[in-house]
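J.: Here you go, sequence then predicted model.
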Amino acid sequence: MFTPWRALWNSLPGICQVCGAWPSSAVCGACAERFQGERQRCAGCAAPLLTGTPLCGACLKQPAPLQACVAAVDYAYPWNDLIARFKFRNEPGWAGPFARRMLCAPQAAELLSRCDLVVPVPLTPARLAHRGYNQAWELVKALRRGLPHDVAVQADVLVRLLETPDQHSLAREQRLQNLQGVFAPHPQRLHLIEQAHVLLVDDVMTTGATLHAAAHALRQAGAAQVSAMVFARTAPPNTA
Ligand SMILES: [Zn+2]
Ligand SMILES: [Zn+2]
């Protein structure tokens, strides 16, 4: 299928989209270094940690439903602007540069080596039709090049039945309750899920409620473990 956006992307001159350096990849080495997200993160939710403990206070209090969670960068400048272009301005080509940073994140290689199946957080059919692509699936396809050979990828293991309601004002339990029924396993993919360690991929993790709801649906369908890998993680207020 001819995809004009991809042709356009490939024809763009090599300019760093952050500092304007030329010739360059989409984000030049200096900008990638300057805005790199390498910092200690909670093993359960990838929130930045100020202390040397493996888990954040929230995950210590109530263990996250994710076996492991890896994020490449903080949801902050310049990545937040680039993510907006990736999602809302029809620039799916950002999946490549973002996926390369995800593969470089600490613990990424170790987590990928333990997974059996990599799946995107799905969009509703209406949202997918409107956007034309699922940014999480674009990330999975870009990540595929860095995956161990025996790890499967599949776009439609989970289906999204509903949009995520606005969650920001709700407590963690209320958010999860609010998300019940948002995701369901695809009936023809159950054999892939059963007993598998499934890795959920998304572009941004904010409260974690969406990933947690997706993880819950996978566990109910028989997944042995569910982990997550995201490009950017927002910092909870107490860790910013
Ligand atoms: Zn630059
Ligand atoms: Zn945590």
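T.: Ah, there it is. Ligands and ions are numbered 1, 2, ... in the order given.
J.: Any idea how many residues pack against Phe88?
T.: A total of 10 residues lie near Phe88 under the criterion other Cβ atoms under 10 Å. Every C-beta, even on glycine, is put in place using the N, C-alpha and C of the backbone.
J.: pLDDT score for it?
T.: Phe88 carries a pLDDT value of 94.
J.: May I have the beta-bridge partners of the residue positioned nearest the centre of the chain?
T.: Nearest to the geometric centre of the chain sits Asp202, at 2.2 Å (Cα atoms, centre = their mean). Judged by DSSP bridges, the bridge partners of Asp202 are Val230.
J.: wouldn't Lys141 be in contact with Gly93 here?
T.: No - using Cβ atoms under 8 Å, Lys141 makes no contact with Gly93, being 11.6 Å away.
J.: Correct me if wrong, but Ala72 is in a strand.
T.: Yes - assessed by DSSP: H, G, I helix; E, B strand; the rest coil, Ala72 belongs to a strand.
J.: Pull up the per-residue confidence for it.
T.: Predicted confidence (pLDDT) for Ala72: 96.
J.: circling back to that earlier point, need the residues touching each of Lys141 and Gly93.
T.: Residues touching both Lys141 and Gly93 (Cβ atoms under 8 Å, 6 or more residues apart in numbering): there are none.
J.: list the buried ones in stretch 72-81?
T.: Neighbour-count burial for stretch 72-81, with 16 or more other Cβ atoms under 10 Å as criterion, is recorded at 72-75, 78-79.
J.: Check stretch 201-214 too.
T.: 201-214.
J.: wait, isn't Glu163 in contact with Pro122?
T.: No - with contact defined as Cβ under 8 Å, Glu163 does not reach Pro122; the gap is 11.5 Å.
J.: Which one's more surrounded, those two?
T.: In terms of neighbours (other Cβ under 10 Å), Pro122 is the more surrounded of Glu163 and Pro122; the figures are 24 against 11.
J.: picking up where we left off before, tell me the contacts of the residue nearest to the centre of the chain?
T.: Asp202 sits next to 120-121, 136, 139, 210-211, 228, 230-231 when contact means Cβ under 8 Å, 6+ apart.
J.: ok so, going back, taking the buried residues of stretch 72-81 together, which two end up most distant?
T.: Pairwise distances across the buried residues of stretch 72-81 (Cβ to Cβ) peak at 13.3 Å, for the pair Ala72 and Pro78.
J.: Just the ones in strands from the contacts of Asp202, please.
T.: 120, 228, 230-231 (DSSP state E).
J.: count of neighbours near Cys31?
T.: Cys31, neighbours per other Cβ under 10 Å, totals 19.
J.: Next, the nearest residue to Cys56 once chain neighbours are set aside: phi, psi?
T.: Among residues not flanking Cys56 along the chain, Cys42 sits closest, at 3.9 Å (Cβ to Cβ, 6 or more residues apart in numbering). In terms of degrees, to the nearest 10, the main-chain angles of Cys42 are phi -60, psi 130.
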